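Colleague: Model the structure of this input:
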Amino acid sequence: MEKRSVVLKMTLLAILVAVGVVISPILRVEGMCPMAHFINVVCAVLLGPWYALGCALMIGVIRMFFMGIPPLALTGAVFGATLSGIFYYWSKGKIIGAVIGEILGTGIIGAMVSYPVMTLFWGRTDLTWFFYVPSFIGGTLIGGSIAFVFLVALKKTGHLIQFQRSLGAKVYDTSKIHTGNSHSETA
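Modeller: As a prediction, the model looks like this:
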């Protein structure tokens, strides 16, 4: 079962990276990339903080090298993806915890880290520490909200728990789930 869950995790990670790269330029608002935040939260909930960090790194690197996106693709995403997974864990599986982690990680920390990166490496001298905060928070609110609605819908149907169990991820739901047997089990 362990080898199967590793293969499933890697497959899902590859799918999320591919989807993240493809939809980021399509569903984009100037200065914001809300679908990247959607991917961060979904990956954090399904796979955990370290997979979410890896997913954000891979998407950012691919976007930077093949699409000419500035390093904001990395500085904005990695903190939010990681904190999304950590806050999901700390909140004992509350989806809103993952969304809040994304908002704080990307909207505040990632935005502020972007200032020195863009100033030092890209020569942007017209920036301040808070220059990217409004657009990053706007993007995280949009993408996080979409992720919240999506994950709550999965949870209501029982698919979220099934996905997490299949992936060998921590399952936080303590409600009784019907397994097809004559008894129910507690998650």
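
Colleague: so what's residue 57 closest to, chain neighbours aside?
Modeller: residue 78 (6.1 Å; C-beta to C-beta, 6 or more residues apart in numbering). Heads up, the C-betas are built off the backbone N, CA and C, glycines and all.

Colleague: For that neighbour, pull up the helix or strand it's in.
Modeller: helix 77-90 (DSSP states H and E).

Colleague: Likewise for residue 160?
Modeller: Using DSSP H and E, residue 160 falls in helix 159-167.

Colleague: and that helix, which residues are buried?
Modeller: 160, 161, 163, 164, 167 (16 or more other C-beta atoms under 10 Å).

Colleague: Helix, strand or coil: sort out the nearest residue to the fourth one once chain neighbours are set aside for me.
Modeller: In this structure, residue 164 finds its nearest non-sequential neighbour in residue 171, 4.8 Å apart by C-beta to C-beta, 6+ apart. Under DSSP: H, G, I helix; E, B strand; the rest coil, the three-state class of residue 171 is coil.

Colleague: For residue 107, see how far away the residue positioned nearest the centre of the chain is.
Modeller: The centroid of the chain falls nearest to residue 40 when counting by C-alpha atoms, centre = their mean (1.0 Å). Using C-beta to C-beta, to the nearest Å, one obtains 12 Å as the distance from residue 40 to residue 107.

Colleague: any shared contact partners between the two?
Modeller: Common contacts of residue 40 and residue 107 (C-beta atoms under 8 Å, 6 or more residues apart in numbering): residue 80.

Colleague: Residue ranges in the protein under the pLDDT threshold?
Modeller: Within the chain, the ranges that satisfy pLDDT under 70 run 1, 27-31, 122, 124, 173-187.

Colleague: For residue 127, give its distance to residue 121.
Modeller: Counting by C-beta to C-beta - residue 127 and residue 121 are separated by 12 Å.

Colleague: right, I mislabeled it, should have said residue 102
Modeller: On the measure of C-beta to C-beta, residue 102 and residue 121 end up 25 Å apart.

Colleague: Let me see the contact set for residue 126.
Modeller: Here residue 126 is in contact with no residue (C-beta under 8 Å, 6+ apart).
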